[in-house]
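**Student:** A predicted structure for the sequence below; I have some questions about it.
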Amino acid sequence: GAVVSQHPSWVICKSGTSVKIECRSLDFQATTMFWYRQFPKQSLMLMATSNEGSKATYEQGVEKDKFLINHASLTLSTLTVTSAHPEDSSFYICSARGQGRTDTQYFGPGTRLTVL
Amino acid sequence: QKEVEQNSGPLSVPEGAIASLNCTYSDRGSQSFFWYRQYSGKSPELIMSIYSNGDKEDGRFTAQLNKASQYVSLLIRDSQPSDSATYLCAVVDNRLAFGKGNQVVVIP
């Protein structure tokens, strides 16, 4: 149980375009989803926390107008990287936390974004 | 500032030996503790969770929690080459805080 999927698994785009990444909890309802970014050989960096039906909470230094997060349902959250630039190239990983007592986060497989 | 610290440097262990990883945390109010494994180029995978003081065993993995001393550890018994990965300690208070990870290399 507790499976989280991400789509696409990798994407290559031109500078200036927008890219949407989907994160789905497949077998549980995720009240909270998290978006992380990881550069090579560095640790995970939390970008934002989203709760279903409300606006995402962004970490300090993360541009909310550049990284648009939507959590419209209990099983789906999307991250849109707007006007992507080469410095946005990274490994983007979502995680989901379910309802009830558990505060365990389950991670999706990640999306590798390369901006040319 | 909540912090989770893992001792630095890769850990090399021979196949079949025990790998021991340690993690300390600064927030005494933390209640939930996790160990994740991350293979190179992959996302983290949950391997252990622990909430109470003492030991918790799951297969070849044992997590140990000492809230008084604010540390959590992970033991990997009978280490296998497939255990070679980065192990992330994570602590929850309001949200999940990660350590920087410990790279484990199991030498056949």
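**Tutor:** Yep, it's here. Residues are numbered from 1 along each chain as shown, chains lettered A, B, ... in the order given.
**Student:** Assign the closest residue to chain A within chain B to helix, strand or coil.
**Tutor:** In chain B, no residue comes nearer to chain A than residue B:43, which is 4.2 Å away by Cβ to the nearest Cβ. No exception for glycine: its C-beta is placed from N, CA and C like everyone else's. Going by DSSP: H, G, I helix; E, B strand; the rest coil, the secondary structure assigned to residue B:43 is coil.
**Student:** Would you enumerate the residues in contact with the residue lying closest to residue A:19 once chain neighbours are set aside?
**Tutor:** Once flanking residues are discounted, residue A:19 sits nearest to residue A:81: 4.8 Å by Cβ to Cβ, 6 or more residues apart in numbering or on different chains. Applying Cβ atoms under 8 Å, 6 or more residues apart in numbering or on different chains, we find residue A:81 in contact with A:18, A:19, A:20, A:21, A:66, A:67, A:88, A:92, A:113.
**Student:** before we move on, what about residue A:104?
**Tutor:** A:2, A:97, A:98, B:32, B:34, B:46, B:49 are the contacts of residue A:104 under Cβ under 8 Å, 6+ apart.
**Student:** do that again at 6 Å, thanks
**Tutor:** The contact partners of residue A:104, by Cβ atoms under 6 Å, 6 or more residues apart in numbering or on different chains, come to residue B:49.
**Student:** Got the confidence number for it?
**Tutor:** What the model reports for residue A:104 is a pLDDT of 85.
**Student:** I'd like to know how far it sits from residue B:82.
**Tutor:** As defined by Cβ to Cβ, to the nearest Å, residue A:104 lies at a distance of 23 Å from residue B:82.
**Student:** Residue A:4 pairs with what?
**Tutor:** Counting by DSSP bridges, residue A:4 is bridged to residue A:25.
**Student:** give me the number of residues near it?
**Tutor:** The number of residues packed near residue A:4 is 24, by other Cβ atoms under 10 Å in any protein chain shown.
**Student:** Now do the same contact list for the residue nearest the centre of chain A.
**Tutor:** In chain A, the C-alpha nearest the mean C-alpha coordinate belongs to residue A:35, at 3.5 Å (Cα atoms, centre = their mean). Contacts were defined as Cβ under 6 Å, 6+ apart; by that measure residue A:35 touches A:47, A:48, A:79, A:94.
**Student:** Repeat that for residue B:17.
**Tutor:** Per Cβ under 6 Å, 6+ apart, neighbours of residue B:17: residue B:79.
**Student:** Buried only: go through the contacts of residue A:35 for me.
**Tutor:** A:47, A:48, A:79, A:94 (16 or more other Cβ atoms under 10 Å in any protein chain shown).
**Student:** which stretches of chain A form strands?
**Tutor:** Assigned strands in chain A, in chain order: A:4-7, A:10-13, A:19-25, A:30-38, A:45-51, A:57-58, A:67-73, A:76-81, A:90-98, A:105-107, A:111-115 (criterion: DSSP state E).
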